[in-house]
Every structure is written in structure tokens, then in C-alpha cells.
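A.B. asks: based on what follows, work out the 3D shape:
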Amino acid sequence: MQKILLIEDHAEIRENMAEIMEMANYTVLTADNGKSGIALALEQIPDLIICDITMPELDGYGVLHLVQKNTTLRNVPFIFLTARSERAEIRKGMDLGADDYITKPFDGSELLNAVERRLKKNTQFADLPASEICLDRFKEKRNLNHYKKKQMIYTEGNHPARLYYISKGKVKTFRKNEDGKELIVGLYSEGDFLGYTPILENVNYRECAEALEDAELAVIPRAEFEEVLRYNPSIMKKFIEMLAENINERENKLLATAYNSLRKKVADTLVTINEKYNKEKKEGYFIDFSRDNLASIAGVAKESLIRTLSDFKNENLISLVGSQIYILNYRKLVTMHN
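C.D. replies: Numbering: from 1, shown residues only. Got it, this is the predicted structure:
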């Protein structure tokens, strides 16, 4: 039987709630204050904690804080009990990490529905392995959104309501200055997640995303993504690592834009695209980006880019066939002097 810890200082409410949950075949542990509740939680390791917010000695926020600091308890789902007059504090509790809340007064069905819903979600995510395999759940049995070349996926300033997984195609993220000049800040391809940064940082989109070619993207609702992060520290760690890597790449790009020569910027752009989209180092691979996009990635004027590509062609570093670019001397591009 699943164990529920109920922390409530009001004796009548505590006894009534315990009776209702026991009738539903739950094992109920009770405590009349936060301190004794924490002690009981550490001793019994419940499957769910229901805790009143306003209590003497240690209030509900303090209980939640201690639960989250403990490695054994931090993944136990936590539900706040609150009076209608405390609704202003509900947001505070959710922001601190509570999974749900029940507003007093409530009937038995409301209580049992909340308990069942939270226990079901906890069971759903608890069995996921702490490895790369966890991320596969985002890729399977998803509805795919189809995007045409140059179609916008999301725009700067909008609220991030979903996470994207690229099943097919290439995507760019970019920002524009006041004059409308575009700077590409990210390149993505099949197998990449997109749009997780603003969700993790809880901000609106700081950039736009656009399909570089016809693409298919799986869509994961934000609430589901956040739910998985809450119950799977390994997945959270993975996305934080991806976030840190993106920050490092952007810092390096900023330095390169500020201090690298024109030739070095163009060479690095060709190398970056080749490494991103030709990871298997296949023979005959060609870069088929518009000159506008190449200039935007390099952070140079289009005319300067075209002139530099012509120089590279004359030096037998690349071959140009229409808009396609074939790299002939990869090593020299990589080691291009600044």
C-alpha cells in the first residue's frame, strides 16, 4: 500500500482527511506540526506528502525547503493545503517547487483525485532510467509539425509553450538589430532539441527560429517537459549541460566576431557548418547555404563574404558550383591564421 504523510495542525481536519484516504486503501501517517512531520518523513519515506502552509514552529514552506534539500525525499511529490484566504500564497508555493495544492474547504472526491493524480505521475516517471535513454520518451509517438523552408517556428518575445525535437531538417535561430540586420546565433539539425533555454530560464524567447529547409519537428508541451525534469534529475542535468555548452559556444562566437579577421571568420563559418551537418565526414558533402545566411553566421557583410569565398576558390581551399560550396582543403581552413 502507498504511504501518504499528512502534516496538518488542525486536529479535526487531520483526522477527517486521514479517514478518507484510509478508506481508499492508502496508509496514512500523520503529524501535527512541521518539525514532527519532517522527522516522520525521514523515518518512513512516504510516497506523497500533503502539508498545510500555516502551522506553528515550522510552516509548510519550511517543510518543503527541508524536503527538497534531502536527497532521499526531494523526489517525493508534495501537495500544499491552503485556505481560500491564502490564495495569494499559492503561487509562492508552486514557485518553490510544490507539485500541487488543495484549497480548503474541499470534499472527499477532490482530495482523492489530487492524491491519485500526483501518485500516478510520480509512478510514471520514477521508473525512467537515469541515462540518455530517458530522452527517448520525447521522440516516440509524437505528433510532427511540418515546416516549409523559411517558415518561422517561434519568434522573439513570445512565451515558450513547448519544447521542440528536430526529427528531420535544419533550423537556425537568429536575432535582429534595430536596423533589421540578422545575426544567426544557433544551428540545429536532426536529433537536436530546440527551445529549451527560455523554458529553463523562465523567460520569453530571446531569438527567432526558422527552418533552413523543409523540416519535421516533434512538439512536447512545456508542462510535460517540466514534469519530467522535476522527477528526473538526470534529464535536468543533461539539459543544463546542453545549456552550458550553448553559452560557451556563444561566448566564443562573440570573441571571434569582435577580434577575428574577415578571412578567419569566413573559414570558421565553413568549418562550423561542415562539423555540424557532416559529422560522418562523408566524401562529396557540400555546403548549400544562401550567401545571406553564411554572412549572418560569420557576422560579416554579404559583399565581403562573397569576395572572401572567391579568394578561397582561387587558393584551391574550396570549389564553388552555383550556390554549393565544396571544401577542398579542410586542414587549411581549420588552421587559418587570424
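A.B. asks: for the stretch 51-200 of the chain, which segments count as strands?
C.D. replies: 78-83, 100-104, 144-147, 152-154, 162-168, 171-176, 182-188, 193-194 (DSSP state E, counting those that start in this stretch).
A.B. asks: packing partners of the fourth one?
C.D. replies: Secondary structure elements in contact with strand 152-154, counted by 3 or more CB pairs under 8 Å, 6 or more residues apart in numbering; DSSP states H and E, are strand 208-211. In short, each C-beta sits where N, CA and C put it, glycine included.
A.B. asks: following the strand it packs on, which helix or strand comes up?
C.D. replies: strand 215-221 (DSSP states H and E).
A.B. asks: in that next one, what counts as buried?
C.D. replies: Ala215, Leu217, Ala218, Ile220 (16 or more other CB atoms under 10 Å).
A.B. asks: can I get these in CSV with pLDDT and distance to Tyr101?
C.D. replies: Output for these, formatted as CSV (pLDDT from 0 to 100; distance: CB to CB, whole Å):
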residue, pLDDT, distance to Tyr101
Ala215, 96, 40
Leu217, 95, 34
Ala218, 92, 31
Ile220, 89, 25
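A.B. asks: nearest to Ile273, of those?
C.D. replies: Set against Ile273, the nearest of the buried residues of strand 215-221 by CB to CB is Ala215 (16.5 Å).
A.B. asks: how far away is the nearest residue to the closest one once chain neighbours are set aside from Pro221?
C.D. replies: Spatial nearest neighbour of Ala215, excluding adjacent residues (CB to CB, 6 or more residues apart in numbering): Gly169 at 2.6 Å. According to CB to CB, to the nearest Å, Gly169 stands 21 Å off from Pro221.
A.B. asks: and Asn70, by the same measure?
C.D. replies: 30 Å.
A.B. asks: packing partners of the longest helix anywhere in the chain?
C.D. replies: If you go by DSSP state H, the chain has its longest helix at helix 233-259. Applying 3+ CB pairs under 8 Å, 6+ apart, we find helix 233-259 packed against strand 182-188, helix 196-201, helix 222-231, helix 262-277.
A.B. asks: who are the packing partners of the following helix or strand past the last one?
C.D. replies: The reference is to helix 262-277. Counting by DSSP H and E, the next helix or strand C-terminal to helix 262-277 is helix 291-298. Taking 3+ CB pairs under 8 Å, 6+ apart as contact, the helices and strands that helix 291-298 lies on are strand 182-188, helix 262-277, helix 302-314.
A.B. asks: and the angle for helix 291-298 with helix 262-277?
C.D. replies: 100 degrees (axes from the mean of the first three to the mean of the last three CA atoms, to 10 degrees).
A.B. asks: who touches helix 291-298?
C.D. replies: With CB atoms under 8 Å, 6 or more residues apart in numbering as the test, helix 291-298 has contacts from 172, 174, 182-184, 187, 212, 265-266, 268-269, 272-273, 289, 301-302, 304-306, 323.
A.B. asks: show me the contacts for Asp59.
C.D. replies: So Asp59 contacts Gly34, Ile53 (CB under 8 Å, 6+ apart).
A.B. asks: what do you get if the cut-off is 10 Å, keeping everything else the same?
C.D. replies: Asp9, Asn33, Gly34, Cys51, Asp52, Ile53, His65 (CB atoms under 10 Å, 6 or more residues apart in numbering).
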